[in-house]
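Engineer: return a 3D structure for these sequence lines:
(one chain, ligands or ions: 1)
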Amino acid sequence: MKAILNELKRMTGLIKRPLRLMEVCGTHTVAIFRHGIRDVIPKETALLSGPGCPVCVTSVKDVDAAVSMSKMTGVILATFGDMMRVPGGEQSLNDARSEGADIRIFYSPMDALRTAMEEKGREVVFFATGFETTSPLIAATVSEAERRGVDNFSIYSTHKLVPPALKALLDSPDVMVDGFILPGHVSTIIGSKPYQFISSQYKKPGVITGFEAEEIIEGIFMLVKQIYDCRSEVEIQYSKVVREEGNPAAVSVIERCFEPCDAHWRGIGTIPGSGLRLREEYKRFNALLKLRPGVPDNPEPAACSCGDVLRGIKTPPECGMFGSACTPESPVGACMVSTEGSCSAYYKYGAYRG
Ligand code: SF4
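Structural biologist: Numbering: from 1, shown residues only. All right, here's what the predicted structure looks like:
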């Protein structure tokens, strides 16, 4: 590591300009803080957080729809636990539960399906959030519901896809990134091919990176080396897990059940083709079509800068509410709620103290 860090220092000195590298994934953001990576890499290499925290990018409207469905008679709303405190326009799922809505936390959608099979008189709606890492599991659960003929189970899919979000960032004139630390978990599913446009079309380097301190430092080294060599390729540092072709079985489960659609990202807006919706043949499992909830049209909190934080334009301490009006105990935006959110990571690891 010492040799790598010395070489990193030498190269950044010769590149003679500050570098802006984006860690796309929230797990990387937290790991970078936890391992103190910022303290050991050259100060000319800035690390920016990206849009890869699924809780942070779930829109106000999607939370409002989930809250609305949770209040319908006979509905059990099933969710991953980290969605409970995400603010909607008026309420979070936590607020709705405290008012009597039947909202249950599950670690696996298969457990929610089991609940549906046990409680036949109720409709179990799974609030399906996450990136390509969780969508195979949801797709497998929907297939299983179909195989077993379960008719009181449905999902509200707000799944997001990483490559279209990166394309949107690269198309945005105010986002300045020299290279991407690409997500390890998502890439175990999709492989490296869906990122090729980053290098071929936009001439930027990317490195799919693991989560240990040594792996992150090596990923940063590989990125800087590409910039130093005037190359732009998509490389795999996390080769112990990630293959170029990804996991074809998982991808085929996703594709059987879902098709791409436009999706709204909190603070960023609508990104074409960046979401997943159930295919026509599975539409009876679509909770929106089944329950048709009324969803209020609430705006996102005006003073929250989550959108700029998620695009690497601002760091959390540059938001006026960071650490004062907005803390993990009393979050204003989703980036402060999730343990993988940038604002939460900056706060937890003391960056607010400067
Ligand atoms: S500190 Fe709070 S209000 Fe500011 S960007 Fe982060 S989540 Fe939003």
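Engineer: which residues touch the closest residue to the ligand within the stretch 201-350 of the chain?
Structural biologist: Nearest residue of the stretch 201-350 of the chain to the ligand (C-beta to the nearest ligand atom) works out as Gly333 at 2.7 Å. The way it works is simple: take the backbone N, C-alpha and C, and place the C-beta from them, glycine included. Listed by C-beta atoms under 8 Å, 6 or more residues apart in numbering, the contact set of Gly333 reads Cys56, Pro87, Arg266, Gly267, Pro301, Cys304, Ser305, Cys306, Cys326, Cys343.
Engineer: and for Ala168?
Structural biologist: Ile268, Ile271, Ser274.
Engineer: try 6 Å this time
Structural biologist: Ile271 (C-beta atoms under 6 Å, 6 or more residues apart in numbering).
Engineer: quickly find the element holding it.
Structural biologist: helix 162-171 (DSSP states H and E).
Engineer: any chance you could list what contacts whichever helix or strand comes after that helix?
Structural biologist: Using DSSP H and E, the next helix or strand after helix 162-171 towards the C-terminus is strand 179-182. Contacts with strand 179-182, where a contact means C-beta under 6 Å, 6+ apart, come from Leu21, Met22, Glu23, Val24, His28, Lys204, Pro205, Gly206, Ile208, Thr209, Gly219, Leu223.
Engineer: for the stretch 51-200 of the chain, give me the ranges with low pLDDT.
Structural biologist: Low-confidence segments of the stretch 51-200 of the chain (pLDDT under 70): none present.
Engineer: where along the stretch 1-150 of the chain do the strands fall?
Structural biologist: 19-25, 45-52, 75-79, 103-105, 123-128 (DSSP state E, counting those that start in this stretch).
Engineer: highest average neighbour count across those strands?
Structural biologist: Comparing those by mean neighbour count (mean count of other C-beta atoms under 10 Å), strand 123-128 ranks first with a mean of 26.
Engineer: rewinding a little: most surrounded residue in the contacts of Gly333?
Structural biologist: Cys343 (34 neighbours; other C-beta atoms under 10 Å).
Engineer: so which helix or strand takes in that residue?
Structural biologist: Using DSSP H and E, Cys343 maps to helix 342-348.
Engineer: in that helix, what's buried?
Structural biologist: Using 16 or more other C-beta atoms under 10 Å as the burial criterion, the residues of helix 342-348 that qualify are Ser342, Cys343, Ser344, Ala345, Tyr346, Tyr347.
Engineer: do stretch 169-184 as well
Structural biologist: Result for stretch 169-184 [16+ other C-beta under 10 Å]: buried residues Leu169, Leu170, Val175, Val177, Asp178, Gly179, Phe180, Ile181, Leu182, Pro183, Gly184.
Engineer: what is the nearest of the residues you listed to the ligand?
Structural biologist: Closest to the ligand, out of all of those and judged by C-beta to the nearest ligand atom, is Val175, at 16.2 Å.
Engineer: wait, that closest one sits on Arg311?
Structural biologist: Yes: with contact defined as C-beta atoms under 6 Å, Val175 counts as touching Arg311 (5.2 Å).
Engineer: could you tell me how many residues sit around Lys43?
Structural biologist: There are 10 residues near Lys43, going by other C-beta under 10 Å.
Engineer: check Gly36 too.
Structural biologist: Each residue near Gly36 was counted by other C-beta under 10 Å, and the total is 10.
Engineer: could we number from 58 for the rest of this?
Structural biologist: With 58 as the first residue, the last one maps to Gly93.
Engineer: show the pLDDT at it.
Structural biologist: On the pLDDT scale, Gly93 is placed at 93.
Engineer: mind checking how far it is from the ligand?
Structural biologist: According to C-beta to the nearest ligand atom, to the nearest Å, Gly93 and the ligand sit 22 Å apart.
Engineer: give me phi/psi at Ser214?
Structural biologist: The phi/psi pair for Ser214 (degrees, to the nearest 10) reads phi -80, psi 120.
Engineer: now do the contacts for the spatially closest residue to it that is not a sequence neighbour.
Structural biologist: Using C-beta to C-beta, 6 or more residues apart in numbering and skipping the chain neighbours, the partner closest in space to Ser214 is Ala185 (4.7 Å). Applying C-beta under 6 Å, 6+ apart, we find Ala185 in contact with Ile195, Ile212, Ser214.
Engineer: ditto for Lys73
Structural biologist: By C-beta under 6 Å, 6+ apart, Lys73 has no neighbours at all.
Engineer: tell me how far it lies from the ligand.
Structural biologist: From Lys73 to the ligand the distance is 33 Å (C-beta to the nearest ligand atom).
Engineer: and that residue, how far is that from Pro220?
Structural biologist: Here Lys73 is placed at a distance of 32 Å from Pro220 (C-beta to C-beta, to the nearest Å).
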